[in-house]
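> I would like the atomic coordinates for the input below:
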Amino acid sequence: VLTYAQQSKVAALAEQDELAKRIQEFRTQRELQNLRINKEPTTSGDGIHIVGSSSYKTIEALMQATAHGK
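Alright, predicted model coming up:
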């Protein structure tokens, strides 16, 4: 019984590690997808380009870094 319990624990830990890896891969893919969505400007009906709000944050950070000589 003890051997079976130990084997079950090892198997459960391995399964937990695999699940943690899959979750991390999913989060990474989701973040990359969000970055792509925010980087790709869309065009409204009147031809005006709309940029994602995170792009503005990035632009603002670059402007501040440039202003401070970084």
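
> what about the protein, any weak spots by pLDDT?
By pLDDT under 70, the weakly predicted segments of the chain are 40-59, 61-63, 65-70.

> mind listing the helices for it?
Ranges of helices in the chain, per DSSP state H, are 2-39, 53-67.

> next, format those helices as TSV and append mean neighbour count.
Backbone N, C-alpha and C define where each C-beta goes, glycine included. Shown next, in TSV, are the helices of the chain (neighbours: other C-beta atoms under 10 Å):
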stretch	mean neighbour count
helix 2-39	10
helix 53-67	11
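
> distance-wise, check Arg22 relative to Lys9.
According to C-beta to C-beta, to the nearest Å, Arg22 and Lys9 sit 20 Å apart.

> typed the wrong thing, it's Glu15
Using C-beta to C-beta, Glu15 is found at 11 Å from Lys9.

> Gln33 too?
Per C-beta to C-beta, Gln33 is found 36 Å from Lys9.

> ditto for Thr28
29 Å.

> swap in Glu18?
15 Å.

> likewise Lys39?
Lys39 is 45 Å from Lys9, by C-beta to C-beta.

> what does Glu25 give?
According to C-beta to C-beta, Glu25 and Lys9 sit 25 Å apart.

> likewise for Gln24?
As for Gln24, its distance to Lys9 is 23 Å (criterion: C-beta to C-beta).

> do the same with Arg27
Per C-beta to C-beta, Arg27 is found 27 Å from Lys9.

> and if you look at Arg36?
Remark: distance between Arg36 and Lys9 (C-beta to C-beta) = 41 Å.

> what of Asn38?
Using C-beta to C-beta, Asn38 is found at 43 Å from Lys9.
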